[in-house]
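Colleague: what follows is a predicted structure for the sequence shown.
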Amino acid sequence: MTAALFALADRVACVTGASSGIGRAIAGAFARAGAAVVGVARREAKLRDWVAESEAAGGRAAACALDLADGSAVAGAAARLSAPFGAPDILVNAAGINLRESADAVTPESWQETLEINLSVPFFLARALVPAMRDRGWGRVINIASLQSERAMPNSIAYGASKGGVAQLTRAMAEAWSRDGIACNALAPGFFPTELTAPVFENEAAVARNAAQTCIGRNGRDDDLVGPAIFLASPASDYVTGQVLFVDGGFTAK
């Protein structure tokens with residue numbers, strides 16, 4: 001009974017940003033948990049590496065190279081994402097960018113690029129996949145929020161605005177789609193070493209300071225996200241929707 005609550009067998013998951021970082025960690029965890037996983041990213045070679053790694057571990061995985069900044073690609077994504085294993089039951093919107101610009105350096109173009117990838121794509125991609133979930137009466141949308149969904153940080157005004165939007169988008173998705181059996185939630189990671197956070201982790205003083213700010217006393221590791229992601233993707237979270245789960249070691253508690 002308990003194992004069935006967290007089972008992903010016979011589910012199809014789509015994970016964006018699967019070529020590296022948080023997206024890759026979650027995609028790999030889903031494959032190990034029994035889901036068939038379609039990984040989405042721009043870098044096809046890195047996606048192929050992830051597929052090979054997942055298949056070697058006995059998982060089912062497929063790569064879909066897409067430039068999510070291309071609106072036409074997103075509009076036609078449902079058919080491509082459904083081709084390997086059927087229509088996805090689970091969508092994880094893990095792709096994102098942070099240009100780390102000061103408020104004075106932000107241009108209309110960089111502002112729009114940030115909001116497009118971090119906020120617009122999660123909505124339009126989810127909306128493209130929701131009809132099949134609705135037909136089955138079951139689905140999961142998991143967005144990736146951020147500490148900056150609640151906290152302001154230097155040189156991240158566009159990123160912070162987009163991630164604040166992700167938190168509200170998640171609640172609005174839940175309001176729109178939960179009655180159809182589609183739970184919509186978000187994970188908000190603390191400081192994890194990824195390509196996106198590499199500039200932070202190059203600064204030893206910042207790494208130590210961020211770790212000290214947590215209640216646990218350390219920064220995040222990829223494995224810390226696996227359990228929460230599987231929980232939100234599985235039947236165990238059937239009555240959880242519209243929530244932002246901070247996986248931050250207690251950073252926001254202090």
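Modeller: Ah, there it is. Numbers count the residues shown, from 1 in each chain.
Colleague: just the mean pLDDT for stretch 118-127, thanks.
Modeller: Per-region confidence: stretch 118-127 scores 97 on mean pLDDT.
Colleague: can I get the CA coordinates of it in PDB?
Modeller: Only the C-alpha atoms of stretch 118-127 are listed here, as PDB (Å, rounded to 0.1, in the frame of the first residue of the first chain):
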ATOM      1  CA  ASN A 118      10.800  31.100 -16.800                       C
ATOM      2  CA  LEU A 119       7.200  32.000 -16.800                       C
ATOM      3  CA  SER A 120       5.500  31.900 -20.200                       C
ATOM      4  CA  VAL A 121       6.900  28.600 -21.400                       C
ATOM      5  CA  PRO A 122       5.700  26.700 -18.200                       C
ATOM      6  CA  PHE A 123       2.200  27.900 -18.800                       C
ATOM      7  CA  PHE A 124       1.900  27.300 -22.600                       C
ATOM      8  CA  LEU A 125       3.600  24.000 -22.400                       C
ATOM      9  CA  ALA A 126       1.400  22.800 -19.600                       C
ATOM     10  CA  ARG A 127      -1.700  24.100 -21.500                       C
END
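Colleague: check the offset of that stretch from the chain's centre.
Modeller: Between the mean C-alpha point of stretch 118-127 and the mean C-alpha point of its chain there is a distance of 11 Å (CA atoms, centre = their mean, to the nearest Å).
Colleague: same deal with stretch 175-195?
Modeller: Once both centres are worked out by CA atoms, centre = their mean, stretch 175-195 turns out to sit 7 Å from its chain's centre.
Colleague: many thanks, I have nothing further to ask.
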